[in-house]
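*Asks:* Predicted model, plus sequence, below.
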Amino acid sequence: MVQLTVQNVNRVLHDNAGQRINVLEDINFNVNSGEFISIIGPSGCGKTTLLRLISGLDQPEEGQLTVDGKPITHPDVSRGYVFQHGSLFPWETIKENISSGLKAVYGRHYDKKLVDHYIDLMGLKGFESAYPHQVSGGMAQRAALARSIVLRPELLLLDEPMGALDAFTRADVQNVIQRVWKQTRTTMILVTHDIDEAIYLGTRIIVMTPRPGRIKEIVTNPLTFPRDRTSDDFLKFRRTIQDKLNFGVTEN
Ligand SMILES: Nc1ncnc2c1ncn2[C@@H]1O[C@H](COP(=O)(O)OP(=O)(O)OP(=O)(O)O)[C@@H](O)[C@H]1O
Ligand SMILES: [Mg+2]
């Protein structure tokens with residue numbers, strides 16, 4: 001069932017000198033309910049801009065975006081967003097951070113059991129009363145994920161949530177994301193620079209071109225679950241995606 005449609009979308013921004021930049025050009029794709037879409041492309045190709053349009057934080061000059069057939073006009077609690085650069089409030093504990101969205105939406109009678117459930121699921125037990133600066137980067141990102149997921153979004157937008165993590169922590173958070181996706185069947189759209197991450201998680205991969213950001217190709221991931229990052233099939237598919245990006249080596 002089609003959940004999200006992005007049709008003929010163009011987004012123009014202006015730089016400090018007032019020059020027009022065609023950030024996104026003629027973007028078209030649909031996302032079905034329950035899919036995991038990975039978006040991969042070079043820095044500055046408009047990935048964050050695209051997520052902002054889908055979230056409703058920004059509007060395109062041309063084209064249309066709809067969710068369940070309705071135009072996206074503003075941000076909505078049904079669309080979660082984990083930002084590229086730190087999403088946690090530094091003055092709140094991990095538990096307060098995870099609860100804050102629920103509190104804002106449902107008032108003080110929010111479902112506290114749900115918060116405990118996600119603290120458990122994200123492996124944050126024992127760190128409820130720690131502040132963000134007192135936990136590791138991986139934990140902080142898991143808390144940021146929990147804070148969005150606890151609101152039970154129908155669509156979760158993830159803007160490089162693992163960008164700042166080392167390889168071990170990154171694999172750990174990837175597995176957490178995959179587990180939540182499988183358990184909740186939330187539709188997820190992940191922006192990443194990391195080809196392996198895009199392949200490990202995505203059911204389809206949107207490959208973007210450098211400026212102006214266009215969709216080069218949408219590739220269906222042939223790999224079944226569970227996925228093994230070292231299998232021949234994985235490496236073969238990785239080569240396919242790498243060729244489409246015209247990279248000799250993976251970034252990161
Ligand atoms: N508010 C803004 N005003 C002017 N230009 C902007 C604005 N936001 C983004 N841009 C420009 O739009 C282009 C796309 O930016 P965007 O942040 O969407 O790229 P990105 O693909 O997310 O990059 P990265 O991988 O580095 O996060 C960039 O050239 C950027 O400089
Ligand atoms: Mg970005």
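*Replies:* Ah, there it is. Ligands and ions are numbered 1, 2, ... in the order given.
*Asks:* Pull the number of nearby residues for the closest residue to Thr187 other than its chain neighbours.
*Replies:* Nearest non-adjacent residue to Thr187, counting by CB to CB, 6 or more residues apart in numbering: Leu155, 4.8 Å away. Every C-beta, even on glycine, is put in place using the N, C-alpha and C of the backbone. Neighbourhood size, Leu155 [other CB atoms under 10 Å]: 22.
*Asks:* which residues touch Leu155?
*Replies:* By CB atoms under 8 Å, 6 or more residues apart in numbering, Leu155 lies in contact with 3-4, 31, 54, 67, 78-80, 186-189.
*Asks:* ok, of those residues, which come out buried?
*Replies:* The neighbour-count criterion (16 or more other CB atoms under 10 Å) marks 3-4, 31, 54, 67, 79-80, 186-189 among those as buried.
*Asks:* Close to ligand 2: what parts of this protein are there?
*Replies:* Within the chain, the positions lying close to ligand 2 (CB under 5 Å from the ion) are 47-48.
*Asks:* in a helix, that's where Tyr106 is, yeah?
*Replies:* Yes: under DSSP: H, G, I helix; E, B strand; the rest coil, Tyr106 sits within a helix.
*Asks:* Could you report the pLDDT at it?
*Replies:* Note for Tyr106: predicted pLDDT of 91.
*Asks:* Tell me, how many residues neighbour it?
*Replies:* 12.
*Asks:* Could you report the separation of it from Ser100?
*Replies:* Remark: distance between Tyr106 and Ser100 (CB to CB, to the nearest Å) = 11 Å.
*Asks:* so how many other residues sit close to Asp26?
*Replies:* 15.
*Asks:* For ligand 2, what's the nearest residue on the stretch 51-200 of the chain?
*Replies:* Per CB to the ion, Gln84 is where the stretch 51-200 of the chain lies closest to ligand 2, at 5.1 Å.
*Asks:* Now do the residue of the stretch 1-150 of the chain found nearest ligand 2 against Thr192, distance only.
*Replies:* The nearest approach of the stretch 1-150 of the chain to ligand 2 comes at Thr48, 3.2 Å away (CB to the ion). Noted for Thr48: a distance of 12 Å to Thr192, by CB to CB.
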